[in-house]
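K.L.:
Output the structure for:
(chains A and B)
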Amino acid sequence: MIDILIIGSGGAGLTAALAAKDTEASVTVVGKTYPTNSQTSMAQGGMNAALGNVGKDQVSSHIADTIKSARGLCDEKMVQKMCSDAPQSIQWLESIGVPFSRLDNGRSGKDTIAQRQMGGASAKRACYAQDYTGLKILHTLYDTCLKNNIDFLDEHYLLNLIIQDKMVTGATFLDIRTGEVKQVNAKSVIIATGGYGSLYHGYTTNAYGSTGDGVAAVLRAGGAVSDMEFVQFHPTALKGSSILISESARGEGGYLVNTKGERFVDELKPRDVVARAIFTEFQKGQEVFLDVRHLGEEKLMELLPQEVELCKLHEHVDPATELIPIKPVAHYSMGGIDVDNTLEVNGIKGCFAVGECSNAKVHGANRLGGNSLLEITAFGKVAGENASNHAKSIVPHETNNHQLQQDKHYLENLYAKDHTINFYEKRESLGKIFYEKVGIVRDNAQLLEAMETLNVIGASHRDMGPADKSPTNNTNLIDFLEFSNVLQLAPTIISAALTRDESRGAHFKIGFESLDDEKFKMHIVSHLDKDIE
Amino acid sequence: MQINILRSNTNTQQTYSLPNKEITLLNALTHIKATQDATLTFTAGCRASVCGTCAVRVNGREELACAYKVKDGDVVEPLNYHPILRDLKVDKNKAKETLLKSTAWLQSFEEASLTHKDEKQTEKQTDCILCDSCYSACPVYAVNPEFLGPFALTRAYRYSTDKREDDAKTIIDTIQSNGVWDCTLCGECTMVCPKGIDPKMDITMLRGVSVQEGYTDPTFATQSFGTPDFGFDPNAGF
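P.N.:
Presented below is the predicted three-dimensional model:
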């Protein structure tokens, strides 16, 4: 029995692993791909910390901006903790060698890190590495994990958490290469599996694998999820491909214009406000473009080299001379696994959750750009330390293999059955329905329609499965299991959105266009409805 | 249009038809899997050239599937020098071990005064997404499977030259065996890197630093000192 099992090998998982290893705990990091393939690589704009390297800034302003953007739904203590930890998180990243962009200010250490403006921020606060901030942090974390001999189990897909007496004792995995179902026993478990944005298939900036695997596993294990209705739509994804164009493009001075060439919103408002303004333009029949031409080619290549490439490749547009056609798409899950102030999962002892999969209540109804990379590093450390403390209190004990047997049985049945419905078609239609009816602007009639469609898809789930019967390297099976997770999470999003008869941050509802603190200044917490299962 | 994909179960190419429109190879693969053949196996992630998951070979050249636009008659194969797990899905573990062997990380941190120029010095090298394209393109692997290879050496260079690195010597020591001197400087890695990184140049730079640290080119050493004197200088004229 190892001390700490970390599920998910993105930035949150790797930071937790390093922190846990520092406490001398034995750690294994399990991921469904390889560590550097994760969603963290896609974070572009930066990581917030009130260093004040470019103009004045202070931690209290960072806290105030974050609370304001959360629209009353954050836990102020958690926000305080995250924002106060930010400078030391940056210091730590500096010490492991993250190649941040630099100023020429003659100073040393983290005081030389360049900082840029992001939406909703009262100062230039986002530390960055060109527009590859997440990539460069992730890879430096990985290098540091290799240095510290962290054990990795790659290409292992999470099936279920193992629970005994409401306490986690490990998890089951499908070894994607061999097809074997395996059990890993651990004294503590950290879930760092990322968000559920891929539910909006075709209408998301997220990688294919952001299917909320850990969130769904917590639900199945009797844990709670919360604030699921708060899905952030990023204002600027490429119109054709839904590929992200960083907020830093606007932070650096980019405009949003409509077909008539008119600006229609303050581009540096928080993402929910900007996304809705774009949606309103669409409703007027306007197209919307990001205009960065006035920044000039040299500055674009300096600050946003990745964006320039992506625009040319996927839209045949040269941002230095042409307008970039954009649309808002699903980008970040504010909601997720409900955790307490120690990041322990509500309802499962010894199980911690961190990063986008968790709802640590720091983003509330709308996350600020630059706060997610901060969350994974600041709270990754917290999760690693707390999981280690918990592990110390556990005496190694006998574990049974009931969950393993159950999961083996489930997969055997899946293989044995013939499937009449192509789940890829359903994945496609679910994404579209969610974008159209559980999207930027919602209303109860449309939410109910979405729920009906979802129920029909859900009812036909038993007729879906992998058409590929290969026991080994069966990515068709993985796609299906991921889709099943998405299907499990979808009703929690719609029902919370239906309940919330108000507008707050990323959740905007026609007929209820204002905040209703009296009724709804609260988190909607869901458990698995046993009837649905 | 049609594309041909190498299937591992038969070791033959299978031809698939696609609608005649501009499409990335990744979208084509996803389309085929969803509508024609669920057994076609490949890996993918971000769709935006940054997660490093989807590199394959198209007509013999390494490409990110998400960044390559399909042409009629294209032949798609898995990366070279990686054990094939199934179709286009390969085992990257051995390639990744080169990072461990190179000790490509910050050995010992000391606070430094960094400037914009310092950032630029290794900006490109740190754009690496570990897609393994360079590893697949490197001909040295045909003769020496233990070669540390382009991406690990580029990463070793990036840390060795970081102003915050207080112990670059350890990295230089580590990359002597199966490392910088085993490279033929053919530049295939540089040709195929989807992020425009130049491992050949980085390896050349590492050779320079190695010489400063007292190492010599072992192949050159055998030539100079191990052969009898024929009365002429083989390097004459250079």
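
K.L.:
Distance check, the residue nearest to B:Pro199 when sequence neighbours are not counted against A:Ser526.
P.N.:
Excluding the flanking residues, the one nearest B:Pro199 by C-beta to C-beta, 6 or more residues apart in numbering or on different chains is B:Pro150, at 3.5 Å. In this view, the C-beta of every residue, glycine as well, is placed from N, C-alpha and C. Counting by C-beta to C-beta, to the nearest Å, the separation of B:Pro150 from A:Ser526 is 49 Å.

K.L.:
neighbour-wise, which of these two wins?
P.N.:
B:Pro150 (31 against 20; other C-beta atoms under 10 Å in any protein chain shown).

K.L.:
OK, contacts around the more buried one?
P.N.:
Neighbour list for B:Pro150: B:Cys134, B:Tyr135, B:Cys138, B:Cys183, B:Cys189, B:Pro199, B:Lys200, B:Ile203 [criterion: C-beta atoms under 8 Å, 6 or more residues apart in numbering or on different chains].

K.L.:
Where do the domain boundaries of chain B fall?
P.N.:
Domain assignment of chain B by automatic domain parsing yields the ranges B:2-90, B:93-222.

K.L.:
Work out the gap between the first one and the centre of the chain.
P.N.:
Distance of domain B:2-90 from the chain centroid (C-alpha atoms, centre = their mean, to the nearest Å) equals 19 Å.

K.L.:
contacting residues around A:Glu375?
P.N.:
A:Ala12, A:Met82, A:Val354, A:Gly355, A:Ala360, A:Val362, A:His363.

K.L.:
cutoff 10 Å now
P.N.:
Listed by C-beta atoms under 10 Å, 6 or more residues apart in numbering or on different chains, the contact set of A:Glu375 reads A:11-12, A:47-48, A:78, A:82, A:86, A:89, A:354-356, A:358, A:360, A:362-363, A:367.

K.L.:
Tell me how many other residues surround the closest residue to B:Asn144 other than its chain neighbours.
P.N.:
Distances taken as C-beta to C-beta, 6+ apart place B:Asp182 nearest to B:Asn144, at 5.9 Å, with adjacent residues excluded. Applying other C-beta under 10 Å, we find 20 residues neighbouring B:Asp182.

K.L.:
Please apply the same query to B:Tyr141.
P.N.:
For B:Tyr141, the neighbour count with other C-beta under 10 Å is 17.

K.L.:
Format the CA atom coordinates belonging to stretch B:149-166 as PDB.
P.N.:
Output of stretch B:149-166 as PDB, limited to C-alpha atoms (Å, rounded to 0.1, in the frame of the first residue of the first chain):
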ATOM      1  CA  GLY B 149      18.700  12.000 -28.900                       C
ATOM      2  CA  PRO B 150      17.700  15.400 -30.000                       C
ATOM      3  CA  PHE B 151      14.900  16.500 -27.600                       C
ATOM      4  CA  ALA B 152      16.700  15.300 -24.400                       C
ATOM      5  CA  LEU B 153      19.900  17.100 -25.500                       C
ATOM      6  CA  THR B 154      18.100  20.300 -26.400                       C
ATOM      7  CA  ARG B 155      16.600  20.200 -22.900                       C
ATOM      8  CA  ALA B 156      19.900  19.400 -21.300                       C
ATOM      9  CA  TYR B 157      21.300  22.400 -23.200                       C
ATOM     10  CA  ARG B 158      18.500  24.700 -22.100                       C
ATOM     11  CA  TYR B 159      19.100  23.900 -18.400                       C
ATOM     12  CA  SER B 160      22.900  24.000 -18.700                       C
ATOM     13  CA  THR B 161      22.800  27.500 -20.100                       C
ATOM     14  CA  ASP B 162      20.200  28.800 -17.600                       C
ATOM     15  CA  LYS B 163      21.700  31.500 -15.500                       C
ATOM     16  CA  ARG B 164      20.000  30.000 -12.400                       C
ATOM     17  CA  GLU B 165      21.900  26.800 -12.900                       C
ATOM     18  CA  ASP B 166      24.700  26.500 -10.300                       C
END
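
K.L.:
Fine by me, thanks again.
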